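Chemist: The following block contains a protein sequence and its predicted model.
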Amino acid sequence: MVRAVVFDVGETLIDETRIWSRWADRLGVTRLTMLGLIGACAALGRPVTDALQTARPGIDLAAEEAAWAADDPDGLRSGFDADDLYPDVVPALTALRASGLRLVVAGNQPAAALAALRAMDLPVDEIRNSAELGVEKPEPAFFAAAAGLAGVPVGEIAYVGDRTDNDVLPAADAGMVPVLLRRGPWGFLHAQRPEAARAHVVDSLLELPDLLRGL
């Protein structure tokens, strides 16, 4: 019986299209090029920062972020806000919480993302990220920390994410119920991998209430 659900952030709750489009504008490449590079990183199993390095070889990301902040101090830049939530997020969270499930948001995100998520007033019980927890997925310690936030036995927790490597397989290894969301470049590609058979695959968060009731 599932009594708690932990959610990844990027391409699970947050549509990252605007983020990468702003990066394209910043680096002087077309948005199609940037999105294509992101897809290539997903297909090749390379870190997403490689897309930025490819668009501008030798880029110092920390220095570029600092310069961007100086140029556009009030803009979102590489951040996000409530307008970037996928349309199914709030209805799904509301339905899950109404069914009595404890809900946690926990993903690999920088410190600034924590404030952005909390400002959305989502119907969840806990919001944490890797910057605050001091450990990143796919490390087992991350999932142990997420289980602690959920406050129920690990076998009664579902972890929902868009990647097999960072999200659902490490969650399954930790004893959680793995749910792979088939959206975003990683979600569509990883759903085709043989190891995705270890997870429950959904195309929308709105499928979760029925799925979890049936487990």
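Modeler: Done, it's in. In this text, all values refer to a predicted model and were calculated from it rather than measured experimentally.

Chemist: Figure out how far the helix-or-strand element of the chain with minimal mean pLDDT is from the centre of its chain.
Modeler: For the chain, counting by mean pLDDT, DSSP states H and E, helix 130-133 ranks last in confidence among helices and strands (a mean of 83). Relative to the centre of its chain, helix 130-133 is centred 14 Å away, using CA atoms, centre = their mean, to the nearest Å.

Chemist: any idea which helix or strand comes after it?
Modeler: helix 140-150 (DSSP states H and E).

Chemist: pull the CA atoms of that following helix into PDB?
Modeler: Output in PDB follows, covering the C-alpha atoms of helix 140-150 (Å, rounded to 0.1, in the frame of the first residue of the first chain):
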ATOM      1  CA  PRO A 140      21.300   6.200  -2.000                       C
ATOM      2  CA  ALA A 141      21.600   8.800   0.700                       C
ATOM      3  CA  PHE A 142      19.300  11.100  -1.300                       C
ATOM      4  CA  PHE A 143      16.500   8.500  -1.300                       C
ATOM      5  CA  ALA A 144      17.100   7.800   2.400                       C
ATOM      6  CA  ALA A 145      16.600  11.500   3.100                       C
ATOM      7  CA  ALA A 146      13.500  11.500   0.900                       C
ATOM      8  CA  ALA A 147      12.100   8.500   2.800                       C
ATOM      9  CA  GLY A 148      12.700  10.400   6.000                       C
ATOM     10  CA  LEU A 149      10.700  13.300   4.700                       C
ATOM     11  CA  ALA A 150       7.900  11.000   3.700                       C
END
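
Chemist: contact partners of the longest helix seen in the chain?
Modeler: Across the chain, the longest stretch assigned as helix under DSSP state H is helix 31-44. With contact meaning CB atoms under 8 Å, 6 or more residues apart in numbering, helix 31-44 is reached by 17, 20-21, 23-25, 27, 46-48, 50-51, 54-55, 185-186, 189. All C-beta spots, glycine's among them, are computed from the backbone N, C-alpha and C.

Chemist: elements contacting the least confident helix or strand of the chain?
Modeler: helix 111-119, helix 140-150 (3 or more CB pairs under 8 Å, 6 or more residues apart in numbering; DSSP states H and E).

Chemist: Put the alpha carbons of the longest helix of the chain into PDB.
Modeler: Taking C-alpha atoms only, helix 31-44 is exported to PDB below (Å, rounded to 0.1, in the frame of the first residue of the first chain):
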ATOM      1  CA  ARG A  31      16.200  27.800 -29.600                       C
ATOM      2  CA  LEU A  32      15.900  24.700 -31.900                       C
ATOM      3  CA  THR A  33      19.600  24.200 -31.700                       C
ATOM      4  CA  MET A  34      19.600  24.400 -27.900                       C
ATOM      5  CA  LEU A  35      16.700  22.000 -27.500                       C
ATOM      6  CA  GLY A  36      18.300  19.700 -30.000                       C
ATOM      7  CA  LEU A  37      21.500  19.600 -27.900                       C
ATOM      8  CA  ILE A  38      19.500  18.900 -24.800                       C
ATOM      9  CA  GLY A  39      17.900  15.900 -26.600                       C
ATOM     10  CA  ALA A  40      21.300  14.700 -27.800                       C
ATOM     11  CA  CYS A  41      22.500  14.800 -24.200                       C
ATOM     12  CA  ALA A  42      19.500  12.700 -23.100                       C
ATOM     13  CA  ALA A  43      20.100  10.200 -25.900                       C
ATOM     14  CA  LEU A  44      23.800   9.900 -25.200                       C
END
